[in-house]
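Student: Compute the structure for the input listed below.
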Amino acid sequence: MAHWGAFDVEAEAGRLVAVRPHPDDADPSPLLANVLDAARGPARVTTPAVRRGWWEDGPGPSDRRGSDEWLAVGWDEVLDRVAAELARVRDGHGADAVYAGSYGWASAGRFHHAQSQLRRFTGLFGGATVSVGTYSTGAAEVLLPHVIGDDEAVWRGATAWPVIAAHTDTLVAFGGVPAKNATVSPGGVTEHRVAASLRRAAARGMRIELLSPLRDDVAAELGASWHPLRPATDVAVMLGIAHVLLDEGLADLDFCERYCVGTDRLVDYVTGRVDGVAKSPEWAAAVSQLPAATMRELARRMAGGRTLVTTSWSLQRARFGEQPLWMSIALACLLGQVGLPGGGFGHGYGSLADVGGGRDRVRVPALPGAIRQLRSWVPVARAADMLLDPGGSYDFDGQRRRYPDIRLVYWVGGNPFHHH
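Tutor: As a prediction, the model looks like this:
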């Protein structure tokens with residue numbers, strides 16, 4: 001199993017010669033072809049490699065970094081040296097001085113899941129500073145618990161693709177639903193369903209409204225209506241649509257009164273009672289360059305049938321990235337279809353294979369954690385700030401926190417500096 005699919009291999013004389021996708025996968029990822037190159041590529045590291053300066057002179061600053069040669073050493077030697085370094089830093093500066101992490105994409109499955117192994121190891125070691133959150137959905141992970149109470153309900157409990165294919169009349173896709181992006185999943189994927197589900201839904205008559213600067217954020221064969229808007233103006237368009245729903249009596253305010261908090265504040269803002277500026281389609285058109293008539297037509301279509309409002313992960317990867325996600329949920333609530341088959345909101349369709357794959361009925365077994373209560377952690381996107389400003393303060397999710405003083409980075413299954 002790989003992140004981009006299940007597969008079988010053919011080997012001759014101990015050498016991989018072919019890769020075959022799982023026979024039940026009707027739409028396998030072409031990325032599986034890379035398995036052969038990954039296994040025998042000339043850049044593959046086959047033995048422990050250590051920088052000569054550190055191996056000979058020990059830790060500390062050195063002008064040889066960046067130009068130093070690498071030594072191939074034996075496992076017994078390198079394990080003893082690494083263990084000694086970890087113990088030195090822990091005993092001299094505390095376990096929190098070790099920044100230990102794994103972003104989680106090193107290997108599919110559970111036993112060979114680098115992040116799980118590392119968390120267990122550092123728990124037994126006495127702890128470490130770890131990273132929290134992701135680069136992929138950093139804003140969403142912080143926002144969703146405050147808005148709907150459970151971010152896992154959005155990731156793992158998203159409306160399943162067969163339900164969308166059977167019930168959704170209009171799929172309003174802010175940022176699109178690029179099926180090519182849904183070839184991967186952190187734990188691997190056996191059957192790629194996104195493209196086929198979209199084709200079935202389109203064949204049944206589901207209409208796709210694509211709001212994105214890029215036409216190919218939805219496959220051309222699906223016949224989506226493309227509405228190009230200026231990048232980062234999605235919230236303005238959502239507000240313009242909300243204004244039409246309220247102005248024309250199309251909003252389900254009974255649903256909002258029963259299930260939502262803060263609707264009155266949203267209505268006051270959209271209608272302009274707060275600041276004297278009505279967030280009308282004309283106002284939104286000046287911001288987004290999307291015609292006001294298009295927003296009015298969209299609002300009426302959305303209210304006239306079962307509608308699913310989706311946002312891509314890309315929208316929240318920006319300053320104020322929480323706002324498009326927040327407003328998309330508010331827009332779905334104004335339509336009153338949250339919880340109905342094929343209606344409501346979603347986040348990340350077309351971003352990973354498992355979004356819309358259905359909730360797992362049985363949890364996958366995992367290693368026992370052996371993890372102490374996490375005391376020292378830092379948001380993953382603050383890695384550079386942490387190293388440059390030990391002891392400095394920062395704000396995160398309503399907390400005032402301080403960066404730890406890191407003396408050693410212990411990373412598994414990736415490279416935090418390249419990633420950052």
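
Student: Check which helices and strands the helix or strand bottoming out on mean pLDDT in the chain sits against.
Tutor: Here the helix or strand of the chain ranked lowest by mean pLDDT, DSSP states H and E is helix 151-155, holding a mean of 79. In this structure, helix 151-155 makes packing contacts with helix 138-147, strand 344-347, judged by 3 or more CB pairs under 8 Å, 6 or more residues apart in numbering; DSSP states H and E. Glycine gets a C-beta too; all of them are placed from N, C-alpha and C.

Student: helices or strands up against the lengthiest helix in the chain?
Tutor: Ordering each helix of the chain by length in residues (DSSP state H) puts helix 75-93 first. Judged by 3+ CB pairs under 8 Å, 6+ apart, the packing partners of helix 75-93 are strand 98-101, strand 408-411.

Student: Tell me which residues are up against the last one.
Tutor: Outside of strand 408-411, the residues within contact range by CB atoms under 8 Å, 6 or more residues apart in numbering are 85-86, 89, 97-102, 118, 122, 128, 416.

Student: does I208 sit in a helix, a strand or a coil?
Tutor: Following DSSP: H, G, I helix; E, B strand; the rest coil, the label given to I208 is strand.

Student: In contact with R52, which residues?
Tutor: Counted by CB under 8 Å, 6+ apart, R52 has contacts 64, 68-71.

Student: can you rerun that using 6 Å?
Tutor: 68-69, 71 (CB atoms under 6 Å, 6 or more residues apart in numbering).

Student: swap in D151?
Tutor: So D151 contacts 141, 144-145 (CB under 6 Å, 6+ apart).

Student: V244 now?
Tutor: Here V244 is in contact with 296, 299 (CB under 6 Å, 6+ apart).

Student: go on, the one 3 residues further on?
Tutor: Shown in contact with D247 (CB under 6 Å, 6+ apart): no residues.

Student: can you check D25 too?
Tutor: D25 makes contacts with 191-192, as judged by CB under 6 Å, 6+ apart.

Student: so how far is K279 from A292?
Tutor: Separation of A292 from K279 (CB to CB, to the nearest Å) stands at 12 Å.

Student: Of the two, which one has the most company?
Tutor: Ranked by neighbour count (other CB atoms under 10 Å), A292 and K279 place K279 first, with 22 against 17.

Student: Need the pLDDT of that one.
Tutor: Looking at K279, its pLDDT is 98.

Student: where along the stretch 201-350 of the chain do the helices fall?
Tutor: For the stretch 201-350 of the chain, helices defined by DSSP state H, counting those that start in this stretch occupy the ranges 234-247, 253-259, 263-271, 281-288, 292-303, 322-335.

Student: Can you dump the C-alpha atoms of the second one in CSV for me?
Tutor: If I follow you right, that is helix 253-259. What follows is helix 253-259 as a C-alpha-only set of coordinates in CSV (Å, rounded to 0.1, in the frame of the first residue of the first chain):
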residue,chain,number,x,y,z
LEU,A,253,-34.0,31.6,9.0
ASP,A,254,-36.0,29.0,10.9
PHE,A,255,-33.2,26.5,10.5
CYS,A,256,-30.7,29.1,11.6
GLU,A,257,-32.7,30.1,14.7
ARG,A,258,-32.9,26.4,15.7
TYR,A,259,-29.4,25.2,15.0
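
Student: in that helix, what counts as buried?
Tutor: Neighbour-count burial for helix 253-259 flags 253, 255-256 (criterion: 16 or more other CB atoms under 10 Å).

Student: what's it in contact with?
Tutor: Counting by CB under 6 Å, 6+ apart, 263, 333, 336 sit against helix 253-259.

Student: Likewise for the fourth one?
Tutor: Contacts with helix 281-288, where a contact means CB under 6 Å, 6+ apart, come from 229-230, 233, 236-237, 239-240, 291-292, 295-296.

Student: Need the max-distance pair from the residues you listed.
Tutor: By the measure CB to CB, R230 and R296 form the most distant pair in the contacts of helix 281-288, at 18.8 Å.

Student: out of the two, which sits in the more crowded spot?
Tutor: Neighbour totals were compared for R230 and R296, and R296 leads with 18 against 13 (other CB under 10 Å).

Student: which ones are touching that one?
Tutor: 244, 281.

Student: how much space between it and D268?
Tutor: Separation of R296 from D268 (CB to CB): 21 Å.

Student: Using PyMOL, define a selection of the buried residues within the contacts of R52.
Tutor: To isolate the buried members of those in PyMOL, using 16+ other CB under 10 Å:
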select buried, resi 68+71
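
Student: Closest to P404 out of the contacts of R52?
Tutor: Comparing the contacts of R52 against P404 with CB to CB places D68 closest, at 27.5 Å.

Student: Perfect, I'm done here.
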